[in-house]
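Trainee: Structural data only, the sequence is not supplied:
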């Protein structure tokens, strides 16, 4: 298990149309709503590409957010 400084928070942000929430990077840890923590890429202030791919493929984010959530491609495909 990683320590908190090695993680970055994602928050489930409601959409304007009331549809499925979207995962958003929460660098401050202050966004409202349910959150999930993923590995931080040591070279940048973004999630690790490998952690994000694993989390989206295995349904980990859906379990953490307790429901379906859209994950923007830029979070999964961030350069690392």
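Mentor: Thanks, I have the structure now. Small disclaimer: the values here were computed from a predicted structure and weren't measured.
Trainee: Please tell me how far the most centrally placed residue in the chain sits from residue 18.
Mentor: Residue closest to the average C-alpha location in the chain (Cα atoms, centre = their mean): residue 10, at 3.5 Å. Going from residue 10 to residue 18 by Cβ to Cβ, to the nearest Å gives 20 Å. Just so you know, the C-beta spots here come from the backbone N, C-alpha and C atoms, and that holds for glycine as well.
Trainee: just the strands in this protein please.
Mentor: Taking DSSP state E as the criterion, the chain carries its strands at 7-13, 22-26, 35-39.
Trainee: the inter-axis angle of the last one versus strand 7-13?
Mentor: Translated: strand 35-39. Inter-element angle recorded for strand 35-39 and strand 7-13: 150 degrees (by axes from the mean of the first three to the mean of the last three Cα atoms, to 10 degrees).
Trainee: strand partners of strand 35-39, parallel vs antiparallel please.
Mentor: Partner strands and pairing direction for strand 35-39 (DSSP bridges) are strand 7-13 (antiparallel).
Trainee: Give me the residues contacting the partner strand.
Mentor: Here strand 7-13 makes contact (Cβ atoms under 8 Å, 6 or more residues apart in numbering) with 21-27, 29, 31-40, 45-47, 61, 65, 67, 69, 75.
Trainee: For PyMOL, write the select line for the buried members of those residues.
Mentor: The buried residues among the contacts of strand 7-13 can be selected in PyMOL (16 or more other Cβ atoms under 10 Å) with this line:
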select buried, resi 21+22+23+24+25+26+31+35+36+37+38+39+40+46+47+61+65+69+75
